[in-house]
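*Asks:* predicted structure and sequence below. I'll ask about it afterward.
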Amino acid sequence: MTDAISLLTFPDTSKAFTAYRSTVVDVDDPSASHPRKTPRLDADSDSGSASRSRDGVKGKNVDRGGPVRIQVHGFTGGAVGAALNRVYDNLFVRLTRSIRALLEKGSDELSTTYEGVYTACRGIVCIAGRGEGLYETVKAEIHKCVNRLAEELEKTNKEGVEWIGHFVETCAWFEGQVALLESLLTYLDRAYVLKNPSLSSIHDLAFTRFRERIFSGYFIVDKLQKGISTWVTWERNEGQVHIHRSFLKKLVSHLITHHVYDIIFERHFIEQTQEYFSKESYQMVEVEKAKANVFLAHCNQRTNEEQGRARDVMRDGTVALVKETAIRALFEGRLEWMAKEVFMECKGTDLKRVYALFSSVDGLPVLCREFKAYVQKTVQDIVKDTSKDDEMVNRLLEFKSFADTTLKEAFIDPSTKQNNQDFSYGLIDAFTKGFKARRNKPAEQIAKHVDRLMRHGQRGTSDAAFEALLDAALALYRFTDDKDVFRSFYHRALAKRLLLERSASDDFEKAMLKKLKEKYDPEFGMGDHMFNDLALYHARITGGSTAQKLSVMVLQRSVWPFRERTTDVDMPPSMQAELNNYTTFYKIKHQGHKLVWDHSLGTATVKARFAVGPKDLIVSLYQAVVLLLFNKETEIGYKQILEETRMDDGELRRTLQSLACANKKVLKKRPVGKDVNDNDVFYFNSEFTDPWAKVHINSIQAKETAEENQRTQSHIEGDRKHYLDAAIVRIMKAKKELSHEQLKNETIDAVKSHFVPEVSVIKHRIDGLVEQEYLRTR
């Protein structure tokens with residue numbers, strides 16, 4: 001073999017060295033340095049280079065802008081060329097063996113160092129110019145390597161998660177060897193592949209082949225997906241973390257590296273999640289008949305588990321998808337059932353979770369519809385429960401508080417942090433429709449509830465707290481269409497509170513009237529007239545010889561919501577004399593005025609002597625008339641009392657009940673019982689005791705009787721007829737001519753601020769006006 005000394009010996013005049021532009025440059029980045037070399041400094045900054053460039057021989061084609069290659073002429077043929085080819089062939093063989101050894105799993109036949117492989121690659125590519133042959137060799141060896149790995153994976157006896165562990169090890173080894181090969185064959189990538197845009201880098205070549213052979217075959221992908229299913233099913237069934245969960249983390253990393261995560265892992269995992277939780281949902285609801293709150297808790301637990309598992313194993317983009325899939329699978333076909341049951345069984349934070357779950361599956365319209373139906377049905381049940389009319393308003397207030405709290409705490413729009421308006425409007429609509437289940441009664445009971453609050457007063461609560469109670473009751477008033485019913489009963493109750501002096505606070509009474517008039521109904525002005533009438537016509541006179549004190553309220557009949565009584569009780573002679581004296585006095589003072597006595601709201605203070613001592617009994621005037629009868633006789637029968645007082649039968653029975661059957665029994669009766677019968681006998685209870693010197697037993701006046709209630713209802717119905725007649729005539733005077741349907745709609749619009757009439761009533765009023773010739777038809 002020719003030695004190096006002979007090869008490098010040249011004639012003195014051969015001009016063997018000529019400068020050429022370097023062919024080993026990065027075509028994509030002209031400023032890049034030669035591989036494994038440090039760029040030389042600019043001529044201006046390197047004095048030595050500058051000096052050499054000035055003093056040296058200037059070649060004709062010298063390019064001083066980059067690295068150069070020096071070519072020795074005369075080596076391409078002859079003995080020298082043949083010798084070089086043999087050297088390059090041997091070097092190529094050794095490099096091929098090294099590449100094969102690097103890509104063969106478990107091989108330790110690498111006959112040279114990594115530095116030797118790196119240097120050999122440089123020589124083959126940059127000096128020998130055999131980059132193409134080396135590239136084809138590397139490509140072939142990669143193909144063989146990948147085929148061997150695929151066969152190994154297919155033949156292994158491992159199953160499930162253990163097979164995934166083996167697969168992960170194979171991926172890790174292959175990726176490591178490819179990275180090593182990239183580093184050792186840098187000159188092949190940089191000096192040859194970059195010059196040929198149609199060629200793939202070693203990394204892309206290896207990974208593409210791995211993806212095509214490993215991830216395109218049915219067997220390996222099937223084994224992968226079965227292993228994934230085995231792992232996640234075990235964790236879901238056992239509720240524990242699998243001992244080999246780390247295999248799955250590494251698997252995800254490798255799949256992402258090879259760009260097959262979406263199609264092999266994520267898609268399969270989502271499908272498996274959908275199938276698993278659909279079956280579980282069916283089992284719990286259809287087979288086990290789980291309750292809504294139990295199913296909700298289970299769904300919440302499952303979604304949290306899935307979210308935690310996905311965060312630990314999968315990439316971030318999959319976490320939300322897994323959670324959404326689990327929720328949709330659990331709730332698929334269950335939204336209607338869940339929405340109907342959940343309000344019966346869930347409260348507070350449970351409803352907040354329900355809202356979040358329904359929101360995640362676009363089920364809020366279903367939840368809103370069922371919430372509205374639940375509220376409406378609950379309100380209807382409360383309103384229609386005639387056995388608990390006295391508790392109606394308290395039950396409605398309790399339920400309204402629950403509904404409002406649910407809106408504020410559970411049904412919150414996450415984007416605006418405000419109440420979901422659809423649910424708010426649904427609540428209002430549901431209460432309004434619920435109140436229509438029983439006409440008039442809700443408005444009546446709300447008025448009576450406000451009456452109780454006004455009579456009882458604050459009782460230790462602050463002004464703000466008491467006002468909040470009143471506002472809560474008025475919030476219910478907004479839902480009723482029967483505004484005139486509320487107004488009538490409220491005015492009657494207000495009149496009784498003022499006349500019997502049972503109101504806890506005149507200031508609150510006036511503030512309430514102002515609020516009702518300004519915010520709810522302008523026709524609440526009658527209350528102001530009552531206060532004015534009390535201030536103008538309140539007189540007081542004192543008797544003399546009888547030592548009785550007579551207090552008289554002279555009021556205008558038109559201001560107060562009471563009708564004149566046609567008959568009344570016969571007063572004892574002494575009391576009647578006092579009334580006659582005052583009548584004479586009043587007529588002298590006010591000639592032309594008619595004075596009519598109304599004893600139903602009168603009160604009296606009766607002194608009674610019991611075994612424990614004297615006491616003052618504060619009673620109604622009717623009660624006083626009955627009690628005074630026992631000054632003459634110790635025992636009196638019911639019929640005798642009725643004959644002497646000539647009181648209305650129902651009124652007398654109520655009066656005797658309050659005296660002999662209530663908690664404070666100043667009278668007793670035979671036989672004992674709660675009801676008053678025609679044959680009952682009453683006698684004075686001398687053993688009556690009470691810790692107070694003044695005993696109030698006239699609360700019966702403040703309560704409305706069934707007869708009074710009926711009279712008020714009749715009065716309301718009569719007023720409604722007049723309202724309708726006036727509205728119809730007014731409309732026809734303005735419109736001149738309307739169809740029956742148009743007139744009906746116009747009439748409803750005209751009176752809806754007072755009440756919403758039934759269509760049949762409107763038709764009846766129109767017919768009546770036609771008969772009276774206020775209207776004509778054609």
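*Replies:* Thanks, I have the structure now.
*Asks:* now do the strands in the stretch 551-700 of the chain.
*Replies:* Shown for the stretch 551-700 of the chain, the strands assigned by DSSP state E, counting those that start in this stretch span residues 603-610, 613-620, 635-637, 667-670, 681-684, 694-696.
*Asks:* for residue 205, find the nearest of those.
*Replies:* Minimum separation from residue 205 across the strands of the stretch 551-700 of the chain (CB to CB) falls at strand 694-696, 104.6 Å. Just so you know, the C-beta spots here come from the backbone N, C-alpha and C atoms, and that holds for glycine as well.
*Asks:* report the buried residues of the following helix or strand past that closest one.
*Replies:* Under the assignment DSSP states H and E, the closest C-terminal helix or strand after strand 694-696 is helix 706-735. Residues of helix 706-735 classed as buried: 712, 713, 716, 720, 723, 724, 725, 727, 728, 731, 732 (neighbour count, 16 or more other CB atoms under 10 Å).
*Asks:* quick check: closest non-adjacent residue to the last one.
*Replies:* The one in question is residue 732. Counting by CB to CB, 6 or more residues apart in numbering, residue 732 lies nearest to residue 775, which is 6.1 Å off, once chain neighbours are set aside.
*Asks:* just to revisit the earlier point, got the buried residues of helix 706-735 as JSON lines, with pLDDT and distance to residue 269 columns?
*Replies:* Output for the buried residues of helix 706-735, formatted as JSON lines (pLDDT from 0 to 100; distance: CB to CB, whole Å):
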{"residue": "712", "pLDDT": "79", "distance to residue 269": "70"}
{"residue": "713", "pLDDT": "78", "distance to residue 269": "68"}
{"residue": "716", "pLDDT": "81", "distance to residue 269": "68"}
{"residue": "720", "pLDDT": "80", "distance to residue 269": "68"}
{"residue": "723", "pLDDT": "80", "distance to residue 269": "69"}
{"residue": "724", "pLDDT": "84", "distance to residue 269": "69"}
{"residue": "725", "pLDDT": "85", "distance to residue 269": "74"}
{"residue": "727", "pLDDT": "86", "distance to residue 269": "69"}
{"residue": "728", "pLDDT": "86", "distance to residue 269": "71"}
{"residue": "731", "pLDDT": "86", "distance to residue 269": "69"}
{"residue": "732", "pLDDT": "85", "distance to residue 269": "74"}
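*Asks:* Throw those into TSV and include distance to residue 673, thanks.
*Replies:* Shown next, in TSV, are the buried residues of helix 706-735 (distance: CB to CB, whole Å):
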residue	distance to residue 673
712	30
713	30
716	35
720	41
723	45
724	47
725	49
727	51
728	53
731	57
732	59
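*Asks:* now, among the residues you listed, which is nearest to residue 486?
*Replies:* Of all the buried residues of helix 706-735, the one with the least separation from residue 486 (CB to CB) is residue 716, at 10.2 Å.
*Asks:* could you measure from the residue positioned nearest the centre of the chain over to residue 400?
*Replies:* Among the residues of the chain, the one closest to the centroid is residue 411, at 2.2 Å (CA atoms, centre = their mean). Between residue 411 and residue 400 the computed distance is 15 Å (CB to CB, to the nearest Å).
*Asks:* how about the strands of the stretch 551-700 of the chain, which one is nearest residue 648?
*Replies:* Each of these was scored for nearness to residue 648 using CB to CB, and the closest is strand 613-620 (13.6 Å).
*Asks:* contacts for stretch 486-495 next, please.
*Replies:* The contact list for stretch 486-495 (CB atoms under 8 Å, 6 or more residues apart in numbering) reads 443-444, 446-448, 450-451, 454, 477, 480, 509, 513, 516, 521, 523-524, 526-527, 530, 560-562, 704, 708, 712, 715-716, 719.
*Asks:* got the CA coordinates for that stretch in PDB?
*Replies:* Only the C-alpha atoms of stretch 486-495 are listed here, as PDB (Å, rounded to 0.1, in the frame of the first residue of the first chain):
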ATOM      1  CA  PHE A 486    -105.900  42.200  48.500                       C
ATOM      2  CA  ARG A 487    -106.900  45.900  48.600                       C
ATOM      3  CA  SER A 488    -110.300  45.100  50.000                       C
ATOM      4  CA  PHE A 489    -109.100  42.800  52.700                       C
ATOM      5  CA  TYR A 490    -106.200  45.000  53.600                       C
ATOM      6  CA  HIS A 491    -108.500  48.000  54.000                       C
ATOM      7  CA  ARG A 492    -110.900  46.100  56.200                       C
ATOM      8  CA  ALA A 493    -108.100  44.800  58.400                       C
ATOM      9  CA  LEU A 494    -106.500  48.300  58.600                       C
ATOM     10  CA  ALA A 495    -109.800  49.800  59.600                       C
END
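*Asks:* any chance of the strands of the stretch 551-700 of the chain in TSV, with distance to residue 458 and mean pLDDT too?
*Replies:* Formatted as TSV, the entries for the strands of the stretch 551-700 of the chain read as follows, by distance: least, CB to CB, whole Å; pLDDT from 0 to 100:
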stretch	distance to residue 458	mean pLDDT
strand 603-610	24	90
strand 613-620	23	90
strand 635-637	43	91
strand 667-670	35	90
strand 681-684	38	92
strand 694-696	20	88
